[in-house]
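> got a predicted structure plus its sequence, pasted below:
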Amino acid sequence: MNDPCGMARLLPVLACAAILTNASASVEVATISSFGQAVKWLEVAAPVLVRASTREMSSGATAFPPQAGPGYEAFWLRDYSYVLEGCSNSLSDTEVRRACTLFLDALDPKGAGVDCIKFDGTRIYQPGYGSMGKNPVADGSLFTIEVAWQTHQRLRDKDYLAGIIGKLLLAHQGVPRNPSTGLVHITSEGWDRCPYGFTDSVRKQGDELFCSLLLIEADRHLATMLRELGRSDEAAKFEDEASALTKTVQAIFWDGEAGLFLAATGQGRQPDLWGSAFAVYAGIASPEQAIAIARYFQQHHAEIVQKGQMRHLPKGMYWDAACERDTYQNGGYWATPTGWLIYTLDLVDPKLAEQTLVDLVRDFQERGVNEWIFGEGVHTRNYLSSATLPLAGAKKMLERRAKANK
């Protein structure tokens, strides 16, 4: 049988070699040479990683921590959201429902969402197992809503939705916001809280871009769910807020000279590659801004991308206050945003967008599915969102192409 991607061998290779012995590089697998093959590889690899990550919680619920194997010893909210977005078909209905209920029940009385939940049920609201920041992480409530949205997309259970909508509205109230702009806000007083979790080591202050993008998505999703429940007046309010916040984001964070959105209005007022890509992916950037961002990615691709994986800031730039340079979130290259990157690149350079995903999967074949890389260094093997989120982005890119060709 013709099997150019080595699909017949991929499942045992990942399940046994990469996950159990971290020896995937020593196993011979046909080299990916096309975008279609890269997508197919991820379609097989992502579910294997997801299922290999499972841990049983004391409550009996199934947890899906960020990494298959030891390392991340808790059930992280945002990483689980990315599993659902890219690979929900690898979970059972019962697993999806129980996980959603678990995170909704973990909202604090003011609506703040968790960073993660330990396997024994302990709720952690600040990164670093509760050690980072005075207040709950800024994205917890927003990812709680996103998990519920993804769960509803999977289950389509209106009775379950009706039972949880009150907690979703509470979660929306728990988002820390600037009363003047409506955007997600981190104060400059001490260490207020961590921002978007994939920059939780970065001390941002002021209005924060990425969480504000998540807030707009949350408004849109809440509006849709409320309309499905016949609560049209409430839905309209969230639709109006999403529209108003979109204009505010486009105005406040945009750096026309750089052709990118800025990460924050205070400390961390720097061009945000991840946030800019996600703004396009989520349909929040204006058409003109989307093209400018895509052009930036095209023209600076060699500077900001290594083996299909992207750093947080432009080449040579580091966060005002973060972890050590050229490590982790301060110079490391990540696969998590690659789906947003290629979706954006495809607007101006479809060939480069496709090659970026091919480069990514080739690196996965050679060195494993890692959390982040830097040069020859690889860090945290078998990282779920490195496979699930690029897969989601690739599929969304193909869907857009299909619609455009009709």
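Received the coordinates, thanks. These numbers were taken from a predicted model, which means no experiment stands behind them.

> where are the low-confidence patches of the stretch 151-300 of the chain?
Within the stretch 151-300 of the chain, the set of residues satisfying pLDDT under 70 is empty.

> quick one, helices of it?
158-173, 209-228, 232-252, 273-281, 287-299 (DSSP state H, counting those that start in this stretch).

> relative to residue 197, which of those is closest?
Using Cβ to Cβ as the measure, helix 209-228 is the one of the helices of the stretch 151-300 of the chain that comes nearest residue 197, at 9.3 Å. Where C-beta positions appear, they are placed from N, C-alpha and C, glycine not excepted.

> packing partners for the closest one?
Other helices and strands packing on helix 209-228, by 3 or more Cβ pairs under 8 Å, 6 or more residues apart in numbering; DSSP states H and E, are helix 140-155, helix 158-173, helix 232-252, helix 273-281.

> now with 10 Å?
helix 140-155, helix 158-173, strand 185-186, helix 232-252, strand 260-261, helix 273-281 (3 or more Cβ pairs under 10 Å, 6 or more residues apart in numbering; DSSP states H and E).

> thinking again about what came up before, which among the helices of the stretch 151-300 of the chain is found nearest to residue 146?
Closest among the helices of the stretch 151-300 of the chain, using Cβ to Cβ: helix 209-228, at 6.8 Å.

> returning to that earlier point: now, of the helices of the stretch 151-300 of the chain, which is deepest in the fold?
Of all the helices of the stretch 151-300 of the chain, helix 273-281 has the most neighbours on average by mean count of other Cβ atoms under 10 Å, namely a mean of 27.

> any idea of the angle that one forms with helix 232-252?
Angle of helix 273-281 versus helix 232-252, following axes from the mean of the first three to the mean of the last three Cα atoms, to 10 degrees, is 130 degrees.

> ok, residue 85 touching residue 340?
No - counting by Cβ atoms under 10 Å, residue 340 is not a contact partner of residue 85; they are 11.3 Å apart.

> shared neighbours, the two?
Both residue 85 and residue 340 are contacted by 389, 392-393, 396, under the criterion Cβ atoms under 10 Å, 6 or more residues apart in numbering.

> still on that earlier bit, so which of residue 85 and residue 340 has more stuff around it?
A count of neighbours by other Cβ atoms under 10 Å puts residue 340 above the other of residue 85 and residue 340, at 27 against 22.

> how about that one, nearest residue that isn't a chain neighbour?
Of all residues not flanking residue 340 in the chain, residue 277 sits nearest, at 3.7 Å (Cβ to Cβ, 6 or more residues apart in numbering).

> and that neighbour, what does it touch?
260-261, 285, 290, 293-294, 296-297, 310, 337-345, 393.

> rerun at 8 Å
For residue 277, the contact set (Cβ atoms under 8 Å, 6 or more residues apart in numbering) comprises 293, 297, 310, 337, 340-341, 343-344.

> among these, which are in helices?
293, 297, 340-341, 343-344 (DSSP state H).

> now do the residue nearest the centre of the chain against residue 90, distance only.
In the chain, the centroid-proximal residue (Cα atoms, centre = their mean) is residue 82; its distance is 5.3 Å. As judged by Cβ to Cβ, to the nearest Å, residue 82 and residue 90 stand 13 Å apart.

> go on, residue 250?
Separation of residue 250 from residue 90 (Cβ to Cβ): 36 Å.

> how about residue 362?
Separation of residue 362 from residue 90 (Cβ to Cβ) stands at 23 Å.

> try residue 337
21 Å.

> neighbour count: those two, which is higher?
Of the pair residue 337 and residue 90, residue 337 is the one with more neighbours under other Cβ under 10 Å, namely 26 against 17.

> surely that one and residue 280 touch.
No - Residue 337 is beyond contact range of residue 280, at 11.2 Å (criterion: Cβ atoms under 8 Å).

> ok, what's across the strand from residue 55?
Counting by DSSP bridges, residue 55 is bridged to residue 63.
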